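Peer 1: Next one to model:
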Amino acid sequence: MCTEPGSNHQMRKPVYVLGTGLSHNGSSCLLEDGKILVAAEKERLTQKKNDGGNDAFTVQYCLNVAGIQARDLDLIVQNANFGAFRYGNGWYKGARQLPDGVPIVTISHHLAHAYAAYFLSPFDEAAVLVVDGCGNAFEDCMDLQGTALAEQPTGDMTALWFEKDSYYRAGNSTITPIFKDFSPWGLVATGYPLVPRTTRHSIGGTYQAASSYIFGSSADLGKLMGLAPYGRTRSHDQAIFTITDGRVFVNYNWIERRDERNTSEANFKARFQGFADLARRVQSEVERAVLAVVRARYQRSPSENLCFSGGVALNAVANRRILEETPFKRLFVPPASDDSGLAVGCAYYGWHAVLQRERVRHSGATFFGREYDSAAIEAALRAHPDGLTFERPDNVVEPVAAALEAGQTVAWFRGRAEFGPRALGHRSILGDPRNAALRDYINSNVKFREEFRPFAPSVLAEDASQYFELDVDSPYMLLVVPVRPDWRQRIPAVVHVDGTARVQTVTAETDCTFHALLTEFKRRTGLGMLLNTSLNRRGMPIVETPAQAITMFKETGLHLLAIGDFLVRKTSAS
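Peer 2: Residues are numbered from 1 along each chain as shown. Here you go, the predicted model:
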């Protein structure tokens, strides 16, 4: 077995910088001497989807994993929307556990996104674009000096204009703002169900509004992207956005005519085609708007490299089109490009902009959570003895590959948890992509979610171009690409209805054990690929602890649990 990468503690006291984001996707991140030591999303710890606000849980989690006290921190950098820190740092949706005597710096929303995107990227020089639902208010932005503004908010209205998209240039460990566009606050009070909740003319807000209209919640915006390929394109559809001089505005007359949102699961099924048509329309319009913004910002300050962040950057279909249809030659999207990544950007800002330290190149890995050792896993297993048997083989890879080849679904829990919304081989459900029946089985019996939801393939990076129209790495599952025609019928469990797949490429350098499993599965079957979906149930975050993984295994139709070095099976009576 290989050894997963870890951190090296030195004899001298390291420099610790804590970044923390108190958005609706709360998180904290701890740097040790400029490297990410640990990072955690609040939803993983509370098991409440999109949990945010107070950061006491995530801060303490980072300190516990690092084995340090709050007084050992050298700097704290934070971000929250809507002026949350204007009246002090000790309280935000509950008491915060911040130490006395440690300097605290507050930065604005899009700047935090930009720092996360660039300093996680492999680029020395790059443009950085941030597009999301809503950033900070104009009066709270700290990156306005020397920045070209699409429109200048004035007077008392500055508190009601919020970041909509921001463009930066990065290089030599510095990030310089180039252009910013703001939007006035939205029209939620009108009662129209498709109105963006926050900024009036927001690409991300429009996508979020459509998700809430169709699914009754914006907790999982990826559903809308999954539903869109089932929809029909109609020539008489009205444009959702007006695009003028590289600026995007929402056409509100198309919203006013819609007043019948989804009211139940039965209602969704009865109106499936209409909702699918709307999803396709919104997805298509978002892609058009994103491409227009990217091209216009490129003209302002060209680069071969683009770092793209903000919630809109999770749209993996639009990401592929950026690569194919804009002048940028290379694209980097961070694994947590939504607000859960703000803490990473805050931490990097502290290291580079505040402490003036040199950039430490990121490895590309995204496994920043706590690692549970064999003793902790065995204790959790012995605490849940009913209906289970477990063993500790010399090498879990071979029996897991055999189970997958036999058509079983495997819960795969090992190493440090992924940071971000995608399971990338540490908290995953795995299956054989050749088995079309697995798609319905996992949706119905394991994740208990909508039947239209697709599954992603994880593939050996060296084999990816054989199966997919893909000539770049996609390590974070943030590119949707066409499956090559001669493979679509051979891997049906991971091919969406439109012939595409959201691909994760896996290398031995970033995840040697998962790479070894893919390699063993290829040795057995000739296919260097597995179906990979997150280890969670509908409406729940990805599991964090061994106990949560064991509970999910017992309560669902999963066939095998590979947890750390242990293999767990259900007894015939369970």
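Peer 1: how about the CA coordinates for stretch 89-96, as CSV?
Peer 2: Listed in CSV are the C-alpha atoms of stretch 89-96, where the atom choice follows Å, rounded to 0.1, in the frame of the first residue of the first chain:
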residue,chain,number,x,y,z
ASN,A,89,-15.8,40.0,16.0
GLY,A,90,-17.0,38.1,19.0
TRP,A,91,-20.5,37.4,18.0
TYR,A,92,-22.1,36.2,14.7
LYS,A,93,-25.2,34.0,14.9
GLY,A,94,-23.9,32.8,18.3
ALA,A,95,-20.7,33.4,20.4
ARG,A,96,-17.5,32.8,18.4
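Peer 1: residues of the helix-or-strand element of the chain with minimal mean pLDDT that come out buried?
Peer 2: Every helix and strand of the chain was ranked by mean pLDDT, DSSP states H and E. The lowest is helix 253-256, at a mean of 76. Using 16 or more other C-beta atoms under 10 Å as the test for burial, helix 253-256 gives W254, I255. C-beta coordinates here come from the backbone N, C-alpha and C atoms, glycine included.
Peer 1: what's in contact with whatever helix or strand comes next after that helix?
Peer 2: Reading on from helix 253-256 to the C-terminus, the next helix or strand found by DSSP states H and E is helix 265-270. Residues outside helix 265-270 that contact it (C-beta atoms under 8 Å, 6 or more residues apart in numbering): I214, F215, N262, F275, E450.
Peer 1: and what of stretch 78-91?
Peer 2: Outside of stretch 78-91, the residues that reach it under the criterion C-beta under 8 Å, 6+ apart are 19-23, 55, 92, 96, 98, 104-109, 112, 134-137, 140, 159, 162, 342, 345-346.
Peer 1: So which one of the contacts of helix 265-270 is the model least confident about?
Peer 2: The member of the contacts of helix 265-270 with the lowest pLDDT is N262, and it reads 82.
Peer 1: so where's the protein shaky on pLDDT?
Peer 2: In the predicted model of the chain, residues 1, 3-11, 86-87, 188-191, 219, 256-259, 572-574 satisfy pLDDT under 70.
Peer 1: can I see the domain layout of it?
Peer 2: According to automatic domain parsing, the chain comprises the domains 16-110+340-354, 122-333, 374-570.
Peer 1: mind checking which of these is nearest R361?
Peer 2: Minimum separation from R361 across these (C-beta to C-beta) falls at domain 122-333, 7.9 Å.
Peer 1: Now do the end-to-end distance for that closest one.
Peer 2: When the termini of domain 122-333 are compared using C-alpha to C-alpha, to the nearest Å, they are 11 Å apart.
Peer 1: hey, where'd the strands end up in the stretch 101-250 of the chain?
Peer 2: In order along the chain, the stretch 101-250 of the chain carries the following strands (DSSP state E, counting those that start in this stretch): 104-106, 125-131, 148-149, 161-171, 174-184, 241-244, 247-250.
Peer 1: coming back round to it: would you turn the contacts of helix 265-270 into TSV with neighbour count and distance to H496?
Peer 2: Formatted as TSV, the entries for the contacts of helix 265-270 read as follows, by neighbours: other C-beta atoms under 10 Å; distance: C-beta to C-beta, whole Å:
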residue	neighbour count	distance to H496
I214	22	18
F215	21	18
N262	19	22
F275	23	17
E450	16	14
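Peer 1: how about those residues in a markdown table, adding distance to R416?
Peer 2: Formatted as a markdown table, the entries for those read as follows, by distance: C-beta to C-beta, whole Å:
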| residue | distance to R416 |
| --- | --- |
| I214 | 35 |
| F215 | 31 |
| N262 | 37 |
| F275 | 38 |
| E450 | 30 |
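Peer 1: Contacts made by the least confident helix or strand of the chain with the rest, please.
Peer 2: For helix 253-256, contacts defined as C-beta under 8 Å, 6+ apart pick out Y192, L194, V195, Q238, A239, I240.
Peer 1: so how far is that helix off the chain centroid?
Peer 2: Using C-alpha atoms, centre = their mean, to the nearest Å, the distance from the centre of helix 253-256 to the centre of the chain it belongs to is 30 Å.
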